[in-house]
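>>> could you work out the structure for the sequence below:
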Amino acid sequence: MTMTGQCLCGAVSYKIEGDMQMCGVCHCKNCQRQAGSSYSVLFGVTDDQIEISGALTTYGDHADSGNVVHRHFCGICGSPVKTSIPTQPGMTYIKAGTLDDTSMLDPQIHFWTGSKQRWVEIDKNVPQIEGNPG
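Residues are numbered from 1 along each chain as shown. Here you go, the predicted model:
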């Protein structure tokens, strides 16, 4: 499978070869702030699956665990594009809203539900974790 995507202005684009490793929804407060929404939908791929064109700006965020979370975004339009976590080398987490075709998305898990917005309802058949998925 080939997936493509880009930021809002198109200055950053990417191409992914192969299947996503996971797809989930993060409800942590930092993802809420970074997305400007109630949660962040993301999917994981290995670093060797993705080719990125254009310049990304990086913000070094810190998770509740104290671990660093690198949030990469377009420096022109501000669109969040990917996240990388040094404690998970070789993995890249793509912000699903940047995909050109989102029809294949099917989140398998919701995490950090302990901080989800009270009005967000989650399908009871989808696994939920109150904190870090590990």
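>>> which residue comes closest to residue 72 once chain neighbours are left out?
Taking Cβ to Cβ, 6 or more residues apart in numbering, and ignoring the residues beside it in sequence, residue 72 has residue 56 as its nearest neighbour in space, at 4.2 Å. No exception for glycine: its C-beta is placed from N, CA and C like everyone else's.
>>> which regions of this protein sit below the pLDDT cut-off?
Applying pLDDT under 70 to the chain picks out residues 134.
>>> now the helices for it?
29-35 (DSSP state H).
>>> ok, back up a step: who's the residue nearest to residue 72 bridged to?
Counting by DSSP bridges, residue 56 is bridged to residue 74.
>>> tell me if I'm right that it and residue 12 touch.
Yes. Applying Cβ atoms under 8 Å as the test, residue 56 and residue 12 come out as touching, 5.9 Å apart.
>>> so what sits against both of those two?
Taking Cβ atoms under 8 Å, 6 or more residues apart in numbering as the criterion, residue 56 and residue 12 both touch 74, 81.
>>> who has more neighbours out of those two?
Neighbours were tallied for residue 56 and for residue 12 using other Cβ atoms under 10 Å; the higher tally belongs to residue 12 (25 against 19).
>>> next up, the contacts around the residue nearest to the more buried one when sequence neighbours are not counted.
Excluding its sequence neighbours, the residue lying closest to residue 12 (Cβ to Cβ, 6+ apart) is residue 54, at 3.6 Å. Taking Cβ under 8 Å, 6+ apart, we find residue 54 in contact with 7, 11-13, 74.
>>> and residue 83, how far is that from residue 118?
Residue 83 sits 25 Å away from residue 118, going by Cβ to Cβ, to the nearest Å.
>>> of those two, which one has the most company?
More neighbours surround residue 83 than the other of residue 83 and residue 118, with 23 against 6 (other Cβ under 10 Å).
>>> residue contacts, the more buried one?
Contact analysis of residue 83 by Cβ under 8 Å, 6+ apart lists 42, 69-72, 92-93, 95.
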